[in-house]
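Asks: would you be able to build a 3D model of this:
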Amino acid sequence: MSVTLIGCGCGALTEDARAAIDRAELLIGSKRLLVAYGGDRPQIEAVTADAVMAAIRETDTEEIAVLFSGDTGFYSGARLLLPKLADRDVRLIPGISSMQLFAARLGRPWQDWRLCSAHGTDCDVRAAVCGGKPAFFLTGGKQGPAEICRELTDAGLGFLPVSVGEDLGTALERISRGSAAELSERSFSPLSVLLAEPAPRPPRRAPGLPDTAFLRAEKIPMTKQAVRAAILSRLAVGPEDCCWDIGAGTGSVSVELALFCRAVWGIEREDAALALAEENRKKHGAWNLRLVRGAAPEALAALPKPDAVFVGGSGGRLREILCAVHAANPAARFCVAAITLESLHNACAALRELGCETELTQLSVTHGQAAGGHTLLLAQNPVFLISGRTP
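Replies: Numbers count the residues shown, from 1 in each chain. The predicted structure is shown next:
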């Protein structure tokens, strides 16, 4: 028995695909594809990998073709089916994907696009457009083009240029262009793809933006440049990390985390601080930063599992917060800032209780300031950083 996995493309079969379908004694695929290409050949409607395998096991047909939309190598069901066919004679025939056809319709190359699927899976839209490249989305389910555009608009990216392709390769094909805000109000076909231009971001640089780069306000605390750089170093955030900043204040740590990782949730209970953090978020293009109003640990319950957590403010509930972080992800990397001996003691005791390996660092930063013909040394308050993770 031989099995051929065929990508049917977007409305046009390749010659190889057509020949393989003509040779097949049995066709398996979705109803839409079987109606389009099955003719009067024996056929079985099946979509999931398990259903396709059940159909294959129940037949003694020698030449089977399994039909997939688009290309077999681009977010295709063929990916899940292939391992189940490891002991059989299998051939793949690619098709012209919706991404390739859409790029041709737009008259642009696609080799520098970021490729994302929002079809039947949760897709982090904000993170996708923050990578410095155009982001292409296969859409479907809960994340159609309008929903993606609404998410961009909610992030402050309503001005972002967006293109949508509907029913590509069919008589109903339509290409729409506009801003995310404009297209968020439209209705689109379930068979749609979307291209969003990259969100504007500052050039990448080493951690520790100057303090003057952030908007400030009286009585709203801000983690200073040297301490901020040390915090990011301790957390060692990567491009796919999800981070929490508990007690965000002005948002300086949240913003810097957002410039290095996939997504950040900044938690802050004071309205004035939240408003200031939002201004700093927009100023620095930290579109992948989501600000949450509330007090920890209660406000942490609905957040996604973190890879790295900074605790800059605890409202006297440090132990409860650290326990909530540990419960959310025992393997999360953490960094706690303490400016009093009591906070330092409480943090170390709570982390010891949780079985965490910790590293303690005290930072004493002094800046020179001109005074006449002399230089004065002005010291900032010492800060303790307690960092580590569960072994």
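
Asks: what number of residues lie near residue 273?
Replies: 24 (other C-beta atoms under 10 Å). The way it works is simple: take the backbone N, C-alpha and C, and place the C-beta from them, glycine included.

Asks: ignore the last one, residue 330
Replies: 13.

Asks: per-residue confidence for it?
Replies: On pLDDT, residue 330 comes in at 91.

Asks: begin at 68, not 1, for the rest of this chat.
Replies: With 68 as the first residue, the last one maps to residue 397.

Asks: nearest spatial neighbour of it, chain-adjacent residues omitted?
Replies: Spatial nearest neighbour of residue 397, excluding adjacent residues (C-beta to C-beta, 6 or more residues apart in numbering): residue 457 at 4.7 Å.

Asks: do a quick rundown of the helices in the stretch 68-217 of the chain.
Replies: 82-90, 98-104, 116-124, 145-148, 165-173, 192-196, 212-221 (DSSP state H, counting those that start in this stretch).

Asks: out of those, which is closest to residue 426?
Replies: Nearest to residue 426 among these is helix 192-196; the distance by C-beta to C-beta comes to 29.0 Å.

Asks: ok, and what's touching that closest one?
Replies: Where contact means C-beta atoms under 8 Å, 6 or more residues apart in numbering, the residues beyond helix 192-196 that reach it are 181, 183, 185, 202, 204, 210, 215, 218-219, 222, 224, 227, 263-266, 329-330, 354-355, 357.

Asks: and with 6 Å instead?
Replies: Applying C-beta atoms under 6 Å, 6 or more residues apart in numbering, the external contacts of helix 192-196 come out as 181, 183, 202, 215, 218, 222, 263, 266, 329, 330, 354, 355.

Asks: of those residues, buried ones?
Replies: Buried by 16 or more other C-beta atoms under 10 Å: 181, 183, 202, 215, 218, 222, 263, 266, 329, 330, 354, 355, out of the contacts of helix 192-196.

Asks: how much space between the last one and residue 265?
Replies: Looking back up the chat, that one is residue 355. Residue 355 is 13 Å from residue 265, where distance means C-beta to C-beta, to the nearest Å.

Asks: point out where this protein drops to low pLDDT.
Replies: Low-confidence segments of the chain (pLDDT under 70): 187.

Asks: could you pull out the strands in the stretch 118-267 of the chain for me?
Replies: Using DSSP state E, counting those that start in this stretch, the strands of the stretch 118-267 of the chain run over residues 130-135, 156-160, 181-184, 202-205, 228-233, 241-246, 259-263.

Asks: most tightly surrounded among those strands?
Replies: Neighbour counts (mean count of other C-beta atoms under 10 Å) averaged over each of the strands of the stretch 118-267 of the chain peak at strand 259-263, with a mean of 26.

Asks: and the strands of the stretch 118-267 of the chain: which comes nearest residue 75?
Replies: Smallest distance to residue 75 across these (C-beta to C-beta): 5.5 Å, for strand 130-135.

Asks: what pairs with the closest one, parallel or antiparallel?
Replies: Note on strand 130-135: by DSSP bridges, its sheet partners are strand 69-74 (parallel), strand 93-96 (parallel).

Asks: buried set for the longest one?
Replies: It stands for strand 69-74. Buried positions in strand 69-74, judged by neighbour count with 16+ other C-beta under 10 Å: 70, 71, 72, 73, 74.

Asks: quick check: angle from it to helix 82-90?
Replies: Orientation of strand 69-74 against helix 82-90 (axes from the mean of the first three to the mean of the last three C-alpha atoms, to 10 degrees) gives an angle of 130 degrees.

Asks: and strand 69-74, how far out from the chain middle?
Replies: Chain-centre distance of strand 69-74: 33 Å, with C-alpha atoms, centre = their mean, to the nearest Å.

Asks: ok, stretch 193-203 next?
Replies: On C-alpha atoms, centre = their mean, the centre of stretch 193-203 falls 9 Å from that of its chain.

Asks: next: stretch 247-257.
Replies: Counting by C-alpha atoms, centre = their mean, stretch 247-257 is centred 21 Å from the centre of its parent chain.

Asks: tell me where the stretch 318-458 of the chain has strands.
Replies: 330-335, 356-360, 375-378, 400-405, 424-430, 433-438, 441-446, 450-456.

Asks: out of those, which is closest to residue 90?
Replies: Comparing those by their distance to residue 90 (C-beta to C-beta), the top pick is strand 330-335, with 47.8 Å.
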